[in-house]
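# no sequence for this one, just the structure:
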């Protein structure tokens, strides 16, 4: 545990130092990447159990809307509090539907999650009191009572985002390596044997789904503050699809790789959208195919193999 949190703290310090030296546009891009990486981290937990959700936009959007409305309508401005509220909202929403969702597998699981996400999109698009399809603006957050000016607001939010991401990644790593977390890997291979051994695949799926919902809500609250705007498109199926794309690139072998994958996607989107606005999706698609062919377990498998090899050499 000490080693995991030590590495997380070191990574956070390095990431914050990079943010201090980076230009403003890159700081904003990295903050968005962290937000999507948090959502993808939750999908990674589901992937470890052999499941993929195409409906994480529901919990991502729920976290963004609840935290955004508290900021816009009730004057709650503390960034850390809004992020925690977003995470709790996403986890609570996932807990409500998890008894139904956890009973399904394969394409049925994926399609049902997507259908629920699109239901929320339809409801929010018709909710004119909170902006309808246009959504609403989210005021600039404060940090420990301090409201930064425009020149330092993005960096302040980025620092908070890095801290939350480091803690989330460390806790997920500890959970993945624990007994309940390893049961998910066993269920991925053979659910029947897991049940014979006395573990409940339904409970494992439910737990991972609620964890994924909390991380999605956290990412939604963060992205809402970064963009300064929230709209129903947060819940649209393409938003969920992009996060699945990131989770596949990162793979389920690492709790950190998804953040690197998210940054790559955001950078490719930014540059190709500027120079190749009509074909940037083609480049991303080709890149994804290459990763699936040569790294079927994602980027995270690279250092996961190194860590395993180093451990074996030490023994």
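Structure's in. What do you need? Being a predicted model, the structure only gives us computed values, none of them experimental.

# switch to C-alpha atoms for all contacts and neighbour counts from now on
OK.

# quick one: the strands in the protein?
136-137, 229-230 (DSSP state E).

# Go through the ones you listed and pick out the most buried.
strand 229-230 (a mean of 20; mean count of other C-alpha atoms under 10 Å).

# Who are the packing partners of that strand?
Judged by 3 or more C-alpha pairs under 8 Å, 6 or more residues apart in numbering; DSSP states H and E, the packing partners of strand 229-230 are helix 57-74, strand 136-137.

# What pairs with the shortest one, parallel or antiparallel?
Pairing partners of strand 136-137, with direction, according to DSSP bridges: strand 229-230 (antiparallel).

# Need the contact partners of the partner strand.
64, 65, 68, 135, 136, 137, 138, 224 (C-alpha atoms under 8 Å, 6 or more residues apart in numbering).

# repeat that with 10 Å
Strand 229-230 has contacts (C-alpha atoms under 10 Å, 6 or more residues apart in numbering) with 61, 64-65, 68-69, 131, 133-139, 220-221, 223-224.

# List only buried entries from the residues you listed.
Among the contacts of strand 229-230, the ones that count as buried by 16 or more other C-alpha atoms under 10 Å are 61, 64-65, 68-69, 131, 133, 135-139, 220-221, 223-224.

# quick one: low-confidence parts of the stretch 201-315 of the chain?
273-277, 280, 297, 299-315 (pLDDT under 70).

# Which parts of it are helices?
Along the stretch 201-315 of the chain, the stretches classed as helices by DSSP state H, counting those that start in this stretch are 201-227, 237-250, 257-275, 280-294, 300-314.

# deepest of those, which one?
For these, the highest mean count by mean count of other C-alpha under 10 Å goes to helix 201-227, at a mean of 27.

# got the angle for that one vs helix 57-74?
On the basis of axes from the mean of the first three to the mean of the last three C-alpha atoms, to 10 degrees, helix 201-227 is oriented at 40 degrees to helix 57-74.

# Now do helix 201-227: which elements does it pack against?
If contacts are counted by 3 or more C-alpha pairs under 10 Å, 6 or more residues apart in numbering; DSSP states H and E, helix 201-227 sits against helix 24-47, helix 57-74, helix 79-101, strand 136-137, helix 150-177, helix 179-189, helix 191-196, strand 229-230.

# how much space is there between residue 119 and residue 1?
Distance, residue 119 to residue 1, using C-alpha to C-alpha, to the nearest Å: 40 Å.

# Of the helices of the stretch 201-315 of the chain, which is nearest residue 82?
Proximity to residue 82 (C-alpha to C-alpha) singles out helix 201-227 among these, at 6.8 Å.

# and the closest one, how far from the chain's centre?
Centroid separation for helix 201-227 versus its chain: 7 Å, with C-alpha atoms, centre = their mean, to the nearest Å.

# quick one on the thing from earlier: quick one, which of residue 119 and residue 1 is more surrounded?
Using other C-alpha atoms under 10 Å as the criterion, residue 119 and residue 1 rank with residue 119 on top: 14 against 10.

# pretty sure that one is touching residue 126, no?
No. The pair residue 119 and residue 126 fails to qualify as a contact (C-alpha atoms under 10 Å) at a distance of 11.1 Å.

# give me the number of residues near the nearest residue in space to residue 241 that is not next to it in sequence?
Distance criterion C-alpha to C-alpha, 6 or more residues apart in numbering; nearest residue to residue 241, sequence neighbours excluded, is residue 54 at 6.0 Å. By other C-alpha under 10 Å, 27 other residues sit near residue 54.

# what residues are up against residue 54?
43, 107, 109-117, 236-244.

# Need the helices and strands packed on strand 229-230 in CSV (columns: distance to residue 47 and mean pLDDT).
What follows is these, written out as CSV (distance: least, C-alpha to C-alpha, whole Å; pLDDT from 0 to 100):
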stretch, distance to residue 47, mean pLDDT
helix 57-74, 16, 95
strand 136-137, 33, 94
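
# Isn't residue 189 up against residue 49?
Yes. Using C-alpha under 10 Å, residue 189 is in contact with residue 49, at 8.3 Å.

# Compare the two and say which is more crowded by neighbours.
A direct count of neighbours by other C-alpha under 10 Å for residue 189 and residue 49 places residue 49 higher, at 24 against 13.

# And that one, how close does it get to residue 182?
9 Å.

# Could you pull out the residues contacting both of these two?
Between them, residue 49 and residue 182 share the contacting residues 188, 204, judged by C-alpha under 10 Å, 6+ apart.

# neighbours around residue 87, how many?
Neighbours around residue 87, by other C-alpha under 10 Å: 30.

# got it, and residue 14?
13.

# which residue packs closest to the most centrally placed residue in the chain, ignoring adjacent ones?
Nearest to the geometric centre of the chain sits residue 39, at 1.3 Å (C-alpha atoms, centre = their mean). Closest residue to residue 39 apart from its sequence neighbours, by C-alpha to C-alpha, 6+ apart: residue 216 at 4.2 Å.
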